[in-house]
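>>> Provide a 3D model corresponding to the input given below.
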Amino acid sequence: MPLLILVRHGESEWNLQNRFTGWVDVDLSPRGVEEAHQAGKILKKQGYRIDAVFTSALKRAIRTTEIILEELGLKGMPYEKDQALNERHYGDLQGMNKTEIGEKYGFDQLKIWRRSYDVAPPGGESLKDTQNRVLPYYHSKIEPLLKEGKNVLISAHGNSLRALVMYLENLSKEEVLELNIPTGVPYVYELDENLKIKNKIILENKVEV
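Residues are numbered from 1 along each chain as shown. A predicted model of the protein is given here:
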């Protein structure tokens, strides 16, 4: 049975600074680099075979991908990059501090902008908008490989992966509001021949500061 492995990139420099990042192309923080190494190590320890790899067009996800592949002994393995897997575009909020936004607009509004399904921040994308580019890419590029029995790794972002997990786990708009995918923690989905979930394993990846 095929495996679908999802990894949110390691902590970025702007995650560390509590800033909205979106499509701004920031790099990993030192902790994020270590999280990516640990994700690769735990996947290797569990003995998972990787047949195909997909990532976004943003360097924090690309660098996470390359570190994981290096840890798996797959350095130099080709992988596909596409902005369909990019983080949600946060529009006018990009670069701004989340706490300051909460203090200015209210923390309830902040949560709606960050977590809700169909409310977009000013000038940006909602999770629904993000899902509308993630799912066609998943259906056209990734599902065919899974149907062949191949194991696929996707290294992407908190919201592009939330959009995909919402579909895979059939979550409601209310349920996805509470979904948060931590940085650098592999989610392993064991799928049946119809690509329905048989089992889900979260490989805890604790990095000491």
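
>>> How many residues are close by Pro182?
Look at Pro182: counted by other Cβ atoms under 10 Å, it has 13 neighbours. Heads up, the C-betas are built off the backbone N, CA and C, glycines and all.

>>> Sorry, wrong one. I was asking about Val185.
The burial count for Val185: 19, using other Cβ under 10 Å.

>>> what does Pro122 give?
9.

>>> In this structure it contacts Leu93, no?
Yes: contact criterion Cβ atoms under 8 Å: Pro122 and Leu93 qualify, at 7.2 Å.

>>> pLDDT weak spots in this protein?
Along the chain, segments meeting pLDDT under 70 span 205-209.

>>> which helix in it runs the most residues?
helix 30-45 (DSSP state H).

>>> Go through it and flag the buried ones.
Buried residues in helix 30-45, defined by neighbour count with 16 or more other Cβ atoms under 10 Å: 31-40, 42-43.

>>> between those residues, which is nearest Glu13?
Gly32 (7.9 Å; Cβ to Cβ).

>>> wait, isn't that closest one in contact with Lys59?
No: assessed by Cβ under 8 Å, Gly32 is found out of contact with Lys59, at 11.2 Å.

>>> what about the residue in the chain sticking out farthest from the centre, distance to Ser126?
Distance from the centre of the chain peaks at Lys104, with 28.2 Å (Cα atoms, centre = their mean). For Lys104, the distance to Ser126 (Cβ to Cβ, to the nearest Å) stands at 20 Å.

>>> Ok, Ala39 next?
Distance from Ala39 to Ser126, by Cβ to Cβ: 28 Å.

>>> Distance-wise, check the closest residue to Leu191 other than its chain neighbours relative to Pro136.
Closest residue in space to Leu191, ignoring its immediate chain neighbours: Pro2 at 5.2 Å, by Cβ to Cβ, 6 or more residues apart in numbering. According to Cβ to Cβ, Pro2 and Pro136 sit 20 Å apart.
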